[in-house]
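In: coordinates only, sequence not included:
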C-alpha cells in the first residue's frame, strides 16, 4: 500500500514538473512578403491607456507596432 501511494505521488510530481506553461502574447500575427524569397513575420503589440474624464473611467487602445490609436475613448 505504501509503495503504491509513493508511486502515485512520484508520478504526480514528475507530471507537474514536466508541464510548461504557455502564454500568448497580446496582439495579432501578421505576415508580410518581401521581395524575392524573404518573409517577415511580426507580432503587433497593443497597450491600453486609461483615464478619468468627467468622473468616468475610460480606456483607449494604442497600437505600439504601428504607432496609432486603434479605438476611440470608451467608458469602462
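Out: Here it is on my side, so go on. All values derive from a computational prediction rather than experimental measurement.
In: Residue 63: neighbour count?
Out: Neighbourhood size, residue 63 [other C-beta atoms under 10 Å]: 15. C-beta here means a position set from N, CA and C on the backbone, and glycine is covered the same way.
In: what about the residue lying closest to it once chain neighbours are set aside, how many neighbours?
Out: In this structure, residue 63 finds its nearest non-sequential neighbour in residue 70, 5.1 Å apart by C-beta to C-beta, 6 or more residues apart in numbering. For residue 70, the tally of surrounding residues (other C-beta under 10 Å) stands at 11.
In: show me what contacts residue 70?
Out: By C-beta atoms under 8 Å, 6 or more residues apart in numbering, the contact set of residue 70 is 46, 61-63.
In: is it possible to export these to CSV including distance to residue 1?
Out: Output for the contacts of residue 70, formatted as CSV (distance: C-beta to C-beta, whole Å):
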residue, distance to residue 1
46, 55
61, 58
62, 60
63, 60
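In: Could you check how far the residue nearest to residue 63 is from residue 15?
Out: Distance, residue 70 to residue 15, by C-beta to C-beta, to the nearest Å: 41 Å.
In: Repeat that for residue 67.
Out: 45 Å.
In: In terms of helices and strands, where is residue 42?
Out: If you go by DSSP states H and E, residue 42 is part of strand 39-43.
In: Residue 4 too?
Out: Using DSSP H and E, residue 4 sits in helix 2-18.
In: Report the rounded mean pLDDT for that helix.
Out: The average pLDDT for helix 2-18 rounds to 77.
In: Are there helices or strands packed against it, and which ones?
Out: Other elements packing on helix 2-18 under the criterion 3 or more C-beta pairs under 8 Å, 6 or more residues apart in numbering; DSSP states H and E are absent; no helix or strand qualifies.
In: so where's this protein shaky on pLDDT?
Out: Applying pLDDT under 70 to the chain flags residues 13, 16-17, 19-39.
In: and with 90 instead?
Out: Confidence mapping of the chain against pLDDT under 90 gives the ranges 1-44, 76.
In: Residue 43: neighbouring residues, count only.
Out: When neighbours are counted by other C-beta under 10 Å, residue 43 registers 11.
In: For residue 9, see how far away it is.
Out: Counting by C-beta to C-beta, the gap from residue 43 to residue 9 is 41 Å.
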